[in-house]
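1. Sequence and predicted structure are below.
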Amino acid sequence: MSRQNVIAPPPGRAVAHRLHTIRSFSEQLTLGSFEAAASPPTPVLEKVFYTRANVLYKCDPDLTNHETVFTWVGEAAGGIQGIAIDHANERVLMSGFATDDIHGCDYDGSNDAKLLDSLTNIDASSMLIVDEGNAKVVYGSLGNLNWADVADGANNEEYVNVNAYPVAYDATNDRYIYGKAASPDTFEYVAAGLTAPQSGTAISAATSANTLYGIAYDTARDQIWYGESASRINFMDDPYGSPAATLNWFNQSSVFRGLAYDSIGDQLYGVSRAAAAGQNGLFIFTDLDEATSTAHAAAADHGFGDSTQNANDVALQYDISPQGPGAVTSGTATMTHTIPAGAYVVRVAVKVIEGFAGDTTAVAVIGDEDDEDRYVVASFDVKAASPTGKAVGKPSGKKDHPRGKKPKVKVTAGSAFANLTGGTMLVTVYYVEP
């Protein structure tokens with residue numbers, strides 16, 4: 001359908017008349033025309049991995065059903081130091097003290113392979129992490145904080161020239177936090193994912209007269225949990241403040257060599273070793289907002305007996321599974337017609353032939369890939385039928401089109417798009433032809 005309008009000149013000015021053609025196209029969209037938004041992944045804590053001497057174990061999140069996963073024969077004298085989960089490749093990475101290697105195996109212990117070998121500087125307290133966003137394994141050592149490609153160990157290089165031992169990833173601020181061996185030991189941080197090498201920044205007042213061990217970043221509280229050789233777990237509130245507040249949180253006669261924070265369950269896992277039986281083992285702490293107290297270790301399991309068991313690290317493996325359909329609230333339909341380059345959209349008309357029923361509400365917007373409500377003033381109701389037309393207002397976004405565009409119609413349900421049982425609308429787009 002098309003018609004011609006004569007655009008009048010401004011008063012007092014003599015200009016030649018120019019004819020502009022207003023064109024339109026219409027499309028009828030049914031509920032089946034709409035594609036529900038892709039389900040975002042929902043991490044679920046699947047297994048807790050931990051080490052004792054040269055053996056890798058795993059158990060359920062409630063510290064039950066312990067299994068032996070992998071025995072690193074070459075580390076009988078040294079032991080597995082750090083472990084990290086490579087979720088993208090479904091692997092567990094391990095650093096070895098005696099071999100100076102980093103190995104990887106599948107979650108069930110199969111397909112063991114060296115990722116990095118002959119590093120010559122893996123220390124007895126060297127830990128590692130996986131930076132999934134940059135696809136890197138980051139590991140501490142004597143003399144360097146290093147990184148390499150997590151898939152195959154390529155591009156192994158120094159990231160920071162520092163004696164770095166425990167290392168954690170701060171996902172909130174996209175930083176690596178590491179313990180720096182000094183007198184006294186200190187913490188530093190460095191931005192993640194930059195071109196190596198970088199220089200670290202000291203965390204104010206974060207010092208310890210003892211050796212720093214396990215470290216974990218708490219995304220819920222924006223704080224650092226860390227273990228010390230003085231048999232305690234501390235937390236550092238406001239770690240990038242001036243000065244950072246360091247508080248003693250849990251004391252017992254053991255050394256927490258490994259810590260891991262579970263952001264889904266808001267829990268802290270730790271492995272400790274000590275001379276006293278009953279204080280070695282895999283621990284879970286749940287009341288993370290409580291004040292300093294020895295009562296935090298209410299759930300300890302899998303006691304190791306004595307310090308010869310060398311419990312060094314703990315890591316959390318998540319199952320990345322799709323959400324159910326109830327979590328997706330919207331669906332989008334892309335119209336087949338294209339608004340041509342140079343066109344100027346005048347308005348959009350909508351008739352709801354059959355209401356989009358089945359949920360508490362159903363509203364729609366019409367726009368494009370750059371601005372979802374470009375062609376309407378605001379979202380409008382489509383739950384009830386309106387065969388004579390809806391008042392959708394003038395376009396709220398840019399009306400001119402430097403390039404061709406296919407309009408998109410988005411319908412959002414109150415609770416879940418899958419609840420909608422039907423619906424049909426007729427959408428007409430009016431534009432001035434270039």
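-> Yep, it's here.

2. What distance do you get for V427 to T201?
-> 54 Å (C-beta to C-beta, to the nearest Å). All C-beta atoms are positioned from the backbone trio N, CA, C, and that covers glycine.

3. of those two, who's got more company?
-> Per other C-beta atoms under 10 Å, whichever of V427 and T201 has more neighbours is V427, with 22 against 13.

4. ok, now which ones touch A202?
-> 186-188 (C-beta atoms under 8 Å, 6 or more residues apart in numbering).

5. give me that answer again for 7 Å
-> Residues in contact with A202 (C-beta atoms under 7 Å, 6 or more residues apart in numbering) are 186, 188.

6. Identify the bridge partners of it.
-> Going by DSSP bridges, A202 is paired in beta bridges with E188.

7. Quick one, grab the pLDDT at it.
-> We have a pLDDT of 82 for A202.

8. next one: Y375
-> For Y375, pLDDT reads 92.

9. So it is in contact with P407, correct?
-> Yes. Using C-beta atoms under 7 Å, Y375 is in contact with P407, at 6.4 Å.

10. helix, strand or coil for the residue nearest to H337 when sequence neighbours are not counted?
-> With C-beta to C-beta, 6 or more residues apart in numbering as the criterion, H337 has its nearest non-adjacent residue at 4.2 Å, and that residue is F25. The local conformation at F25, judged by DSSP: H, G, I helix; E, B strand; the rest coil, is strand.

11. and F25, what are its bridge partners?
-> Residues in beta-bridge contact with F25 (DSSP bridges): V429.

12. And it, how far from E433?
-> The value you get for F25 to E433, if C-beta to C-beta is used, is 12 Å.

13. Those two - which one has more neighbours?
-> F25 (16 against 13).

14. What residues does A135 make contact with?
-> 149-151.

15. List only buried entries from these.
-> V150 (16 or more other C-beta atoms under 10 Å).

16. Counting only strands, which of the contacts of A135 make the cut?
-> D149 (DSSP state E).

17. okay if I get the contacts of A135 as a markdown table plus distance to S330 and pLDDT?
-> Shown next, in a markdown table, are the contacts of A135 (distance: C-beta to C-beta, whole Å; pLDDT from 0 to 100):
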| residue | distance to S330 | pLDDT |
| --- | --- | --- |
| D149 | 37 | 94 |
| V150 | 34 | 94 |
| A151 | 35 | 92 |
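
18. and which of the contacts of A135 is nearest S415?
-> Of all those, V150 has the smallest distance to S415: 38.9 Å, by C-beta to C-beta.

19. now the closest one: how far from D237?
-> Where D237 is concerned, V150 sits at a distance of 31 Å (C-beta to C-beta).

20. ditto for T336
-> 56 Å.

21. Also G404?
-> Relative to D237, and taking C-beta to C-beta, G404 is found at 54 Å.

22. When the two are compared, which one has more neighbours?
-> D237 (14 against 11).

23. surely the more buried one meets I224?
-> No. Using C-beta under 7 Å as the test, D237 is too far from I224 to be in contact (8.6 Å).

24. ok, D359 - contacts?
-> 413-416, 419-420.

25. Make TSV from those and add distance to D319, secondary structure and pLDDT to it.
-> What follows is the contacts of D359, written out as TSV (distance: C-beta to C-beta, whole Å; DSSP: H, G, I helix; E, B strand; the rest coil; pLDDT from 0 to 100):
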residue	distance to D319	secondary structure	pLDDT
A413	27	strand	93
G414	29	coil	89
S415	25	coil	85
A416	22	coil	85
N419	26	helix	90
L420	29	coil	94
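
26. Dump these to TSV, plus neighbour count.
-> Below are these laid out as TSV (neighbours: other C-beta atoms under 10 Å):
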residue	neighbour count
A413	22
G414	15
S415	13
A416	17
N419	16
L420	22
